[in-house]
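> give me a model of this one.
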Amino acid sequence: MIKKKMQQALDKQLNAELYSSYLYLSMSAYFNSINLKGFANWMKVQAQEELSHAMKFYNFILERGGKVILSEIDPPQSEWNSPLAAFEHVYRHEQKVTSLINSLVDLSISEGDHATNNFLQWFVTEQVEEEASADEVVQKLKLAGKSAGGLFMIDRELAQRVFAPPTVPEASGG
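Residues are numbered from 1 along each chain as shown. I've put the predicted structure just below:
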């Protein structure tokens, strides 16, 4: 059975993951509106990935005998000044999520909740990848500068991304 304080923190993280999905879906719409279909695809895939993260939290809470409490999702930003500004937002957002995950790990340790700590280690590793992936695009956009050809090449590259569901076993649950 999961302790109430841990369950509440995990519910809050579930909401943060849903917000992340919502944010990236909004970014996908933004990129579609400026005819950067590859960028839009990257963000849509990212939105799917974040939704799968939310479901991991959902299933884990249920598996541990907790009760999922869903809360309101804040509306995300919908416009950015440039593709670079949008991806810098992604990078900062992923840094924030890393901080949230680290706080959950700290709580699981202080609560002596080894099962939750073990569960969270997948997210610790995932956040390293998330930050690196966002920063890679930021750096490419900085290198491309105002080059339309550079932006076109990055757009073509980002169009290749496909959603790959997580390969680790998901917690069972309703």
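
> and the residue sitting nearest the centre point of the chain, what is it in contact with?
The chain has E50 as the residue nearest its centroid, 4.2 Å off, counting by CA atoms, centre = their mean. Taking CB atoms under 8 Å, 6 or more residues apart in numbering as the criterion, E50 is in contact with 17-18, 20-21, 24. Using the backbone N, CA and C atoms, a C-beta is placed for each residue, glycine as well.

> where does pLDDT dip in the chain?
Applying pLDDT under 70 to the chain picks out residues 167-174.

> that older thread, please pick the buried ones from the contacts of E50.
For the contacts of E50, a burial check counting by 16 or more other CB atoms under 10 Å picks out 17-18, 20-21, 24.

> ok, so of those, who is nearest V124?
Nearest to V124 among the buried ones among the contacts of E50 is E17, at 14.5 Å by CB to CB.

> and the closest one, what is it in contact with?
Residues near E17 by CB under 8 Å, 6+ apart: 50-51, 53-54, 57.

> just the ones of the residues you listed in helices?
Counting by DSSP state H, the contacts of E17 place 50-51, 53-54, 57 in helices.

> redo these as a markdown table? Include distance to K12.
Formatted as a markdown table, the ones in helices among the contacts of E17 follow (distance: CB to CB, whole Å):
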| residue | distance to K12 |
| --- | --- |
| E50 | 15 |
| L51 | 17 |
| H53 | 14 |
| A54 | 12 |
| F57 | 10 |
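
> touching, A9 and D106? I think so.
No: using CB atoms under 8 Å, A9 is not in contact with D106, being 10.1 Å away.

> neighbour count winner among the two?
More neighbours surround A9 than the other of A9 and D106, with 19 against 12 (other CB atoms under 10 Å).

> distance of the more buried one from F123?
13 Å (CB to CB, to the nearest Å).

> which neighbours do the two share?
Taking CB under 8 Å, 6+ apart as the contact rule, A9 and F123 both touch L104.
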